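Asks: Any chance you could fold what I've pasted below:
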Amino acid sequence: MKISQIQVFVCSPGRNFVTVKVTTEDGTTGIGDATLNGREMAVVSCLEQHIAPCLIGKDAQNIEDIWQYLYKGVYWRKGPVNMAAIAGIDMALWDIKGKVAGLPVHQLLGGKSRTGVTLYAHASGECIDSTLSKAEHLINQGFRAVRLQTAIPGLTATYGVLGDKKDYFELQGNRPLPPEEPWCTQKYFSVVVELFRQARKRLGEEVHLLHDVHSRLTPIEAARLGKLLEPYHLYFLEDAAIAENQNSYQLIRHHTTVPLAIGETYNTLWECKDLIQHQWIDFIRTAATHAGGLTGLRKITEFANVFDVRIAPHGAPDLSPVCFATHLHINIWAPNFGIQEFVGLDNPQLNEVFTHDIRVENGMALPSDLPGLGISFNEDAAKKYPYKRSYLPVSRLEDGTMWHW
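Replies: Next up, the predicted model:
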C-alpha cells in the first residue's frame, strides 16, 4: 500500500476549497480537506513543495506514523498552514484505510456511540424579528438547536448576518480584499440581550439556543455578557473572548454559569490544553481540517473526554464536505460528542464537485456507511470553478482601532 501520488486541487464552487487526493500503487485513492480560509495557496505550496515529496513510497496504512512524521519531523511545528496540510493527508489516509477494510471510518474508530449526530443550524437576520422568524422556520424543519445572530443598529455590518447575500457561499466567495467592519460593544450588548429575551418568549424553552460572539469582547466584557444571558439558558456561548491567554477563561468562568465554547482557530491540543484540563470551557470546537485531520481531532477529543468537556466541531462554509463527513464519523463515535455546527448541504455547485449520501433528518445527521469517509470528489466538475482570492472581514472599533477578528 505504498503512496505513489499526491495531488492537490483548488476549486471554488461558491467557496474556495483545497482538496488532497492520495493514490497508492494499487490504485486505491483517498481524499482530504486542507482548506485554510484566506491562506489557501500557502497550504497548497506547503503540500506540493514540502510534504508530498516526503511521502512518496511510504506505506499508506501507517497513518499514525505518518502523522507523527509530519508533525514532529519538522523544526517548525504546529501553525495553521502546517496543520491544515497535515489534515488533508491524514483524512485521505483514513479514507484509504476504510476502503481497504471495506468499512466506514467510524467503525475503524470503534463503532457508534449514538444513533445520529445532533446539528445546530444558523438563524441570522437584519433585525430581531427576522432572526426569530428564520429560527421558527428551522425549528419547523426539525432542528432542535439554533444559533441566533442579528444585526446591530448603527453598525454597517455584523458578524453572522448575511445582509443582501442569499447564502454563506455567496457571502464568503466574493471578498477579493478583506472588508473592514466597525464594532461597538455597547451597541452590541443592548441588542443581543433583547434578542434572547424575545427568543425564549417566542420559541419556548425546549429548543437549544446558541450565540457566537466571535471573540469580539474582552474577558471581563465576556463575563458580563454571560451573566446577562444566564436567564435564557443558552446551550453555549461561543468564542466570548479571544483566548491567546488561556487563563482569560478562568475569569469568565468565575462570573457566569453559561456554558462556554471555543476552539475553531486552534490547530493542536496545546492551544486548548489548559482550557480543557482546568474545565474553564464546556465545549471544544476545533475542526479536523485545522487540527491535523481525524488523527489530530481524535487526540483532542480523547483528552477532552477525561475532563468532561464535549466536542462541537466547527462547521463553517469554508470547510468542505470532506471535513463535514470526517466530523460525522468522529461525532457518531465520540463518547463526549455534544453538537455539530451545520450550514447546509444543498448548494448545487458544491454537490456537483463533492458527492455523498449523508442524510439529515429531524435535525440530526447520519454519516455514510460506505467504506472510508463515504464522499467523492469530481475532478472534472472542480475545473469549472477556478480559485478566486477571498478573505474574511477585519474588525475595527468605531475610532479605527484594530480589534479582535
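Asks: ok, now how distant is Asp26 from Ile252?
Replies: 52 Å (C-beta to C-beta, to the nearest Å). C-beta coordinates here come from the backbone N, C-alpha and C atoms, glycine included.
Asks: and Ser395, what element?
Replies: strand 394-397 (DSSP states H and E).
Asks: Report all helices and strands that that strand contacts.
Replies: strand 180-183 (3 or more C-beta pairs under 8 Å, 6 or more residues apart in numbering; DSSP states H and E).
Asks: Now do the strand it packs on: which elements does it pack against?
Replies: strand 394-397.
Asks: Return the strand it packs on as PDB; C-alpha atoms alone will do.
Replies: C-alpha atoms of strand 394-397 as PDB (Å, rounded to 0.1, in the frame of the first residue of the first chain):
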ATOM      1  CA  VAL A 394     -11.400  42.700   9.600                       C
ATOM      2  CA  SER A 395     -13.000  44.400  12.600                       C
ATOM      3  CA  ARG A 396     -12.200  47.900  13.900                       C
ATOM      4  CA  LEU A 397     -13.600  49.900  16.800                       C
END
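Asks: For Gly125, which non-adjacent residue is closest in space?
Replies: Thr131 (3.5 Å; C-beta to C-beta, 6 or more residues apart in numbering).
Asks: which residues sit against the strand holding Ser395?
Replies: Strand 394-397 has contacts (C-beta atoms under 8 Å, 6 or more residues apart in numbering) with 159, 178-184, 216, 402-405.
Asks: One more: stretch 67-76?
Replies: Counting by C-beta under 8 Å, 6+ apart, 51, 54, 77, 82, 85-86, 89-90, 292-293, 295-296 sit against stretch 67-76.
Asks: Can you give me the neighbour number for the nearest residue to Gly338 once chain neighbours are set aside?
Replies: Leaving aside its chain neighbours, Gly338 sits nearest to Arg310 (3.3 Å; criterion: C-beta to C-beta, 6+ apart). As a burial measure, Arg310 scores 20 neighbours (other C-beta atoms under 10 Å).
Asks: I'd like the distance between the residue most central in space within the chain and Asp346.
Replies: Centre of the chain computed as the mean C-alpha position; nearest residue by C-alpha atoms, centre = their mean is His314, 2.1 Å away. From His314 across to Asp346, the span is 20 Å (C-beta to C-beta).
Asks: same deal with Gly14?
Replies: 11 Å.
Asks: Of Asp26 and Ile252, give the one with the bigger neighbour count.
Replies: Taking other C-beta under 10 Å, Asp26 and Ile252 do not tie; Ile252 has more neighbours (27 against 10).
Asks: I'd assumed the more buried one was in a strand, is it?
Replies: No. Checked against DSSP: H, G, I helix; E, B strand; the rest coil, Ile252 lies outside a strand; its state is helix.
Asks: How about the contacts made by it?
Replies: So Ile252 contacts 219, 222-223, 226, 240-241, 260, 280 (C-beta under 8 Å, 6+ apart).
Asks: Of these, which is the nearest to Ile375?
Replies: For the contacts of Ile252, the closest approach to Ile375 (C-beta to C-beta) belongs to Leu260, at 31.9 Å.
Asks: Next one: that closest one from Thr268, what distance?
Replies: Distance from Leu260 to Thr268, by C-beta to C-beta: 20 Å.
Asks: how far out from the middle of the chain is the host helix or strand of Ser4?
Replies: Here Ser4 sits within strand 3-11, counting by DSSP H and E. For strand 3-11, the distance from its own C-alpha centre to the chain's C-alpha centre is 23 Å (C-alpha atoms, centre = their mean, to the nearest Å).
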